[in-house]
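Asker: What follows is a predicted protein model with its sequence.
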Amino acid sequence: MCSRDFPACMYTSVYTIVQIILHYAFCAWCVSLYNCQHVFVKKKHFTYFLYLTYFYNNCSSENATFEVVVSENIQVSNEQTYLTHDQVTSIEWPTYAYAAKRSYNICTNFITLDIIWLVTTINLIIGTWCRSNGSWAALLYFPWVLMSFITLIIDITVTSWFASDISHTYGLRKWFNFIGGNESTAINLMDAFFPPINTSMPSIFLVSIFGRILQAAINAYRETDESLRCNIYIPTC
């Protein structure tokens, strides 16, 4: 096959390798988050929100807390909302995010899968470059086809898992319950003023990543990063 269509097979091989490297790097970064190595993570930034949602694994023996500025009195009048008597309140953070272990296992398995897929893609390049035929062609080409099919099935499964999380993270109160937090008056107050779709952005982002939809992932990143620039103070864990 590739001996007859050299340009297409070379393009496919190079494209696959680039995709694997980027995907591998992302999964390795996610594993490092779970292992408390907070590289490229900043407060009031999408990366930190993603970490809190899917990879938060408190390394200290005590639960984390964070402080938020909330209002004692909330008055809603027609189109305007007035906040008065601001006060600082602390919210107890769960010991770990409920989805953290699942996300960690997914990423570690994908690291292994990406390495195997990379090896088969290199074989595809060798077979294409050498214009292999016969039994050599089957040996060099077929593993890539098989691994591509397996990766596709796993991508669909994992994407479905994260897609199902979207409804459970829609709104600040649902999101806080999703990560394992207890009912909180402060969270309930903020829920009314925090755009609900923003708390689902980590789920949408991971759907885009594992569904390999790059532009959608970039859009989710930008949207959430802008909305997190608010007066909420979350501790560095």
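Answerer: Perfect, I can see it now.

Asker: pLDDT of stretch 24-37, averaged?
Answerer: Averaging pLDDT along stretch 24-37 gives 92.

Asker: actually stretch 169-179, not the one I wrote
Answerer: Mean predicted confidence for stretch 169-179 is 90.

Asker: ok, now stretch 103-115?
Answerer: On average, stretch 103-115 scores 96.

Asker: and it, how far out from the chain's middle?
Answerer: A distance of 13 Å separates the centroid of the chain from that of stretch 103-115, by Cα atoms, centre = their mean, to the nearest Å.

Asker: What of stretch 181-198?
Answerer: On Cα atoms, centre = their mean, the centre of stretch 181-198 falls 21 Å from that of its chain.

Asker: quick one: buried residues of that stretch?
Answerer: Gly181, Ser184, Ala186, Ile187, Leu189, Met190, Asp191, Phe194, Ile197, Asn198 (16 or more other Cβ atoms under 10 Å). Just so you know, the C-beta spots here come from the backbone N, C-alpha and C atoms, and that holds for glycine as well.

Asker: Can you tell me which of these is closest to Tyr11?
Answerer: Of all these, Ile197 has the smallest distance to Tyr11: 36.8 Å, by Cβ to Cβ.

Asker: So, low pLDDT: which residues of this structure?
Answerer: 1-6, 44, 59-90, 131-137, 214-237 (pLDDT under 70).

Asker: tell me the helices in it, going along the chain?
Answerer: Using DSSP state H, the helices of the chain run over residues 6-34, 46-54, 100-129, 134-165, 172-178, 185-191, 196-199, 201-210, 214-227.

Asker: Okay, buried residues for the third one please.
Answerer: Neighbour counts over helix 100-129 (16+ other Cβ under 10 Å) mark 100, 103-104, 106-107, 110-111, 113-114, 117-118, 120-121, 123-125, 127-128 as buried.

Asker: How many neighbouring residues does His45 have?
Answerer: 16 (other Cβ atoms under 10 Å).

Asker: got it, and Phe40?
Answerer: Look at Phe40: counted by other Cβ under 10 Å, it has 10 neighbours.

Asker: Identify the residue nearest it in space, chain neighbours excluded?
Answerer: Counting by Cβ to Cβ, 6 or more residues apart in numbering, Phe40 lies nearest to Thr47, which is 6.0 Å off, once chain neighbours are set aside.

Asker: Let me have the helices of the chain in CSV, extended by distance to Trp93.
Answerer: CSV is the format used below for those (distance: least, Cβ to Cβ, whole Å):
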stretch, distance to Trp93
helix 6-34, 16
helix 46-54, 8
helix 100-129, 13
helix 134-165, 19
helix 172-178, 9
helix 185-191, 11
helix 196-199, 15
helix 201-210, 16
helix 214-227, 19
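
Asker: from these, which stretch is densest packed?
Answerer: Of all the helices of the chain, helix 201-210 has the most neighbours on average by mean count of other Cβ atoms under 10 Å, namely a mean of 25.

Asker: what's that helix packed up against?
Answerer: On a contact count with 3 or more Cβ pairs under 8 Å, 6 or more residues apart in numbering; DSSP states H and E, helix 201-210 meets helix 46-54, helix 100-129, helix 134-165, helix 214-227.

Asker: ok now it, how far from the chain's centre?
Answerer: Offset of helix 201-210 from its chain centre (Cα atoms, centre = their mean): 5 Å.

Asker: Please apply the same query to stretch 112-121.
Answerer: Put simply, stretch 112-121 sits 21 Å off its chain's centre (Cα atoms, centre = their mean).
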